[in-house]
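Asks: can't give you the sequence, but here's the structure:
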């Protein structure tokens, strides 16, 4: 599998290892994977743009879980998104075919749908990626979908919602800001948001690689409920023992300021302190229908937002991150 040193991939590789089946993790840096090797997981170092190394890494593999991706990061050249999130998908699929891999599970993102105008959205909702990350992930998914249509490999695609839980650092800024009273709300807070707790997601991913009916399908994997942003923020505040944010800023002026920041900073090669993507968190709805995953995979997410937030908040506190 790829992405084993990340949050989702790390949780997946550990779950697979508990099934007493041999697990091979493909990593870019063997040193980072030392904790995996200590668990008895076979670690193979290879780059996603090296077809020969990928073929060697996949020899004798039954199921490939492709989790690795380049997420939104500061200072990343735009071309790298397509190299990692798009071109690498084809390299991996070709290597899997060449080495006789039985099944291939590809991780996409619900971000390919962008803002959900008519929530909740199912797998057949229109594509509307809102940034280069989402666009590059869509293009990678479309490569996998083409291989499915051509019958070249037994492939399953899944699109996870916002992934959270103990060990995640992506949502730390949200928890920390609310805990410290430094999280201003922008707009009316009625946008919808859908999370998936890490344990529930891993259960769904494993089902994508083991349920026979999953082959050739695409599945949204999200939590058992979605909430408004107002509800989500209030739940996080409760989970970290803080008061809900009292400061609420008007959307129009903030969006205009974000646009101006981008116009000034980007030509200078600077990361803008405020940008439209950050404002989008408060305005774009992301709510999804997981009926297909329930029906075909037997996917049954159990962790509510309230319970998941409490677990994540407790972990942040234990690590001294809040």
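Replies: Yep, that arrived. Quick caveat, the model's predicted, so the values are computed rather than measured.
Asks: next, count neighbours for residue 263.
Replies: Residues lying near residue 263 (other Cβ atoms under 10 Å) number 10. The way it works is simple: take the backbone N, C-alpha and C, and place the C-beta from them, glycine included.
Asks: how much space separates it from residue 3?
Replies: From residue 263 across to residue 3, the span is 35 Å (Cβ to Cβ, to the nearest Å).
Asks: same question for residue 225.
Replies: Here the distance between residue 225 and residue 3 works out to 27 Å (Cβ to Cβ).
Asks: these two: who's more crowded?
Replies: Counted by other Cβ under 10 Å, residue 225 and residue 3 do not tie: residue 3 has more neighbours, with 20 against 14.
Asks: quick check: that one touching residue 32?
Replies: No: in this structure, residue 3 is not within contact of residue 32 by Cβ atoms under 8 Å, at 11.7 Å.
Asks: was I right to think residue 289 contacts residue 124?
Replies: No: assessed by Cβ under 8 Å, residue 289 is found out of contact with residue 124, at 10.0 Å.
Asks: more neighbours: which of these two?
Replies: residue 289 (18 against 8).
Asks: who's in contact with the more buried one?
Replies: Shown in contact with residue 289 (Cβ atoms under 8 Å, 6 or more residues apart in numbering): 120-122, 220.
Asks: which among these count as buried?
Replies: With neighbours counted using 16 or more other Cβ atoms under 10 Å, the contacts of residue 289 contain these buried positions: 120-121, 220.
Asks: which residues in this structure form strands?
Replies: Counting by DSSP state E, the chain has strands at residues 24-27, 42-45, 63-66, 103-107, 154-160, 162-164, 185-186, 192-197, 218-221, 226-228, 248-249.
Asks: next up, the contacts around residue 281.
Replies: Residue 281 touches residue 229, counting by Cβ under 8 Å, 6+ apart.
Asks: and it, how far from residue 171?
Replies: In terms of Cβ to Cβ, residue 281 sits 11 Å off from residue 171.
Asks: check residue 51 too.
Replies: Per Cβ to Cβ, residue 51 is found 35 Å from residue 171.
Asks: so for stretch 253-262, mean pLDDT?
Replies: Across stretch 253-262, pLDDT averages out at 85.
Asks: which residues are contacting that stretch?
Replies: By Cβ under 8 Å, 6+ apart, stretch 253-262 touches 186, 272-276, 278-279.
Asks: pull out the buried positions in stretch 208-226.
Replies: The neighbour-count check on stretch 208-226 (16+ other Cβ under 10 Å) flags 208-209, 211, 214-215, 217-224, 226 as buried.
Asks: with stretch 227-244 instead?
Replies: For stretch 227-244, burial by neighbour count (16+ other Cβ under 10 Å) applies to 227-240, 242.
Asks: ditto for stretch 6-19
Replies: Of the residues in stretch 6-19, those buried (16+ other Cβ under 10 Å) are 6-14, 16-17.
Asks: next one: stretch 107-125
Replies: 107-114, 116, 119-121, 123, 125.
Asks: what's the most distant pair in these?
Replies: Using Cβ to Cβ, the two most remote members of the buried residues of stretch 107-125 are 107 and 119, lying 22.5 Å apart.
Asks: what's the neighbour count on the nearest residue to residue 111 once chain neighbours are set aside?
Replies: Spatial nearest neighbour of residue 111, excluding adjacent residues (Cβ to Cβ, 6 or more residues apart in numbering): residue 134 at 4.0 Å. Per other Cβ under 10 Å, the neighbour tally for residue 134 reads 22.
Asks: same question for residue 71.
Replies: Residues contacting residue 71 under the criterion other Cβ under 10 Å number 13.
Asks: ok, and the closest non-adjacent residue to it?
Replies: Distances taken as Cβ to Cβ, 6+ apart place residue 133 nearest to residue 71, at 6.4 Å, with adjacent residues excluded.
Asks: now swap in residue 112 and tell me
Replies: Excluding the flanking residues, the one nearest residue 112 by Cβ to Cβ, 6+ apart is residue 138, at 4.3 Å.
Asks: right, and that neighbour touches residue 131 too?
Replies: No: between residue 138 and residue 131 there is no contact under Cβ under 8 Å: 10.8 Å.
Asks: so between those two, which is more surrounded?
Replies: Neighbour count, other Cβ under 10 Å: between residue 138 and residue 131, residue 138 has more, with 21 against 15.
Asks: so what's the more buried one up against?
Replies: Applying Cβ under 8 Å, 6+ apart, we find residue 138 in contact with 108, 112, 127, 129.
Asks: check residue 242 too.
Replies: Applying Cβ under 8 Å, 6+ apart, we find residue 242 in contact with 178-181.
Asks: likewise residue 8?
Replies: 67, 107, 160, 163, 198, 201-202.
Asks: for residue 96, same thing?
Replies: Residue 96 is in contact with 58, 61, 64, 104, 153, counting by Cβ under 8 Å, 6+ apart.
Asks: how near is the second one to residue 23?
Replies: So that's residue 61. Taking Cβ to Cβ, one finds residue 61 at 10 Å from residue 23.
Asks: now the common contact residues for those two.
Replies: Listed as contacting both residue 61 and residue 23 by Cβ under 8 Å, 6+ apart is no residue at all.
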